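A.B. asks: quick one, fold the following:
(one chain, ligands or ions: 1)
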Amino acid sequence: MKRIYFDYNATTPVHAEVANFVKPFFHELFGNPSSLHWAGREIRGYYDKAKEQVAGLIKAEPHEIVFTSSGTEGDNHAIKGVAYAKRDQGKHIITSTIEHPGVLNVCKYLESKGYDVTYLPVDGNGQVHPEDVKRAIRKDTILITIMYANNETGTLLPVREIGEIARASDVLFHSDMVQAIGKIDIDVKALSVDLASFSGHKVYAPKGVGALYMREGLDIDNLIHGGHQEEGRRAGTENMIGIAAFGKACEIVGDEIEEENRRMEYLRKRLLEGILRKVDLVRFNGDPVNRLPNTINLSFEFVEAESLLIALDLNGIAVSSGSACSSGSTEPSHVLLAMDIPAELCQSAIRLSLGRGNTEEDVDYALSVIPGVVDRLRQMSPFYKK
Ligand SMILES: *Cc1c(COP(=O)(O)O)cnc(C)c1O
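C.D. replies: Coordinates of the predicted model:
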């Protein structure tokens, strides 16, 4: 059976060139970068190079990069780090209702510790309005944390405008850019962010490595205390395999970003237009203009997303549903609910996210499978009459 992967926003395979590049790190390049002898010095060079490569892709300086274990760790470090460091100045944080759990659940945790969090609403396209951010700022606001690209819908948020507002108001600004890196150009200086989180496994590096951009001069609390690694900002012996891979992946992805984006736009358009042509009662979720080139989120009326996911999986097609399965019951996506999409349409939403491994044949195969699968599921629905 064909195996087609349309879930690149969940994770990506390690790029073949990246996997090849890091092989020696399992063997001869085993040193600890903190060691002063030959084994340490040898590996230190690779560590420095990786910082340059990650910094290069987001237009930061290498020393502004802190390697982490994940995007989630970066989110935690940024938000808790600011919250703890600034607790005497204020305890108010502004975020949005459509953030990844790596941000939302940190904010909820801080609420339980006496912090006050404003969750800004979004419009029907999943957009946060910069004026709402401006209005929400108070004397005791210490941090704004708003994502760049939403992982479920692909909507791009007005981070540049929010950055300008934050800077003018002297409030620190963090952005979860895990879905943006490698998919669109990022210039952290032009966007006026103070902190930004990234993850390796969303850009063809392995799982277990990430990066936090920390603007020069920024002084926030550490999340992990111990040794002096990462210039004293994140303790623990460096994950050299992950770090070297992340660096290499950033270099490759950066070199090919324009060409790859054109390909993604083409494949996404072909897939989206094909589905809309062949299947009726489909709702497009997200911003039709300001969006990632690879992500499609659609609600298929009278179809349960989980059933569709399973039926597509039986045909070798991997997609994800908009809802998270928790304790046996499926909850509708908090992102789609925040966009005021009716609950039953949230339960019918699936995400197709494309990536480097996808071809036109993949898209055409999916287009040959999806209409029949959707029709069969609708025939089983007691509410569908046709
Ligand atoms: C995947 C993802 C994360 C979490 O990154 P991990 O490295 O898996 O912890 C955070 N934010 C967004 C928007 C994501 O898509």
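A.B. asks: what is the burial count for Ser192?
C.D. replies: For Ser192, the neighbour count with other CB atoms under 10 Å is 19. Backbone N, C-alpha and C define where each C-beta goes, glycine included.
A.B. asks: can you confirm it is in a helix?
C.D. replies: No: remark: Ser192 does not belong to a helix; assigned using DSSP: H, G, I helix; E, B strand; the rest coil, it is coil.
A.B. asks: quick check: it touching Ala166?
C.D. replies: Yes: shown here, Ser192 and Ala166 form a contact pair, counting by CB atoms under 8 Å, at 6.7 Å.
A.B. asks: what sits in contact with each of those two?
C.D. replies: Phe173 (CB atoms under 8 Å, 6 or more residues apart in numbering).
A.B. asks: and Thr330, what pLDDT?
C.D. replies: For Thr330, the pLDDT comes out at 71.
A.B. asks: the host helix or strand of Ile144 packs against which elements?
C.D. replies: Here Ile144, judged by DSSP states H and E, is contained in strand 141-145. Here strand 141-145 touches helix 71-85, strand 92-96, helix 159-168, strand 172-176, going by 3 or more CB pairs under 8 Å, 6 or more residues apart in numbering; DSSP states H and E.
A.B. asks: quick one: mean pLDDT over the following helix or strand past the second one.
C.D. replies: Using DSSP H and E, the next helix or strand after strand 92-96 towards the C-terminus is helix 101-112. For helix 101-112, mean pLDDT rounds to 98.
A.B. asks: check whether helix 101-112 comes near the ligand.
C.D. replies: Yes: using CB under 6 Å from any ligand atom, helix 101-112 comes into contact with the ligand via Gly102.
A.B. asks: ok, residues contacting that helix?
C.D. replies: 71-72, 74-76, 79-80, 83, 93, 95, 99, 115, 117, 119, 145, 147, 176, 178, 197, 334.
A.B. asks: what packs against the following helix or strand past that helix?
C.D. replies: Moving toward the C-terminus from helix 101-112, the next helix or strand (DSSP H and E) is strand 116-120. The helices and strands touching strand 116-120, judged by 3+ CB pairs under 8 Å, 6+ apart, are strand 92-96, helix 101-112, helix 130-136.
A.B. asks: of those, which is nearest Arg356?
C.D. replies: helix 101-112 (24.0 Å; CB to CB).
A.B. asks: and the angle from the closest one to helix 71-85?
C.D. replies: On the basis of axes from the mean of the first three to the mean of the last three CA atoms, to 10 degrees, helix 101-112 is oriented at 30 degrees to helix 71-85.
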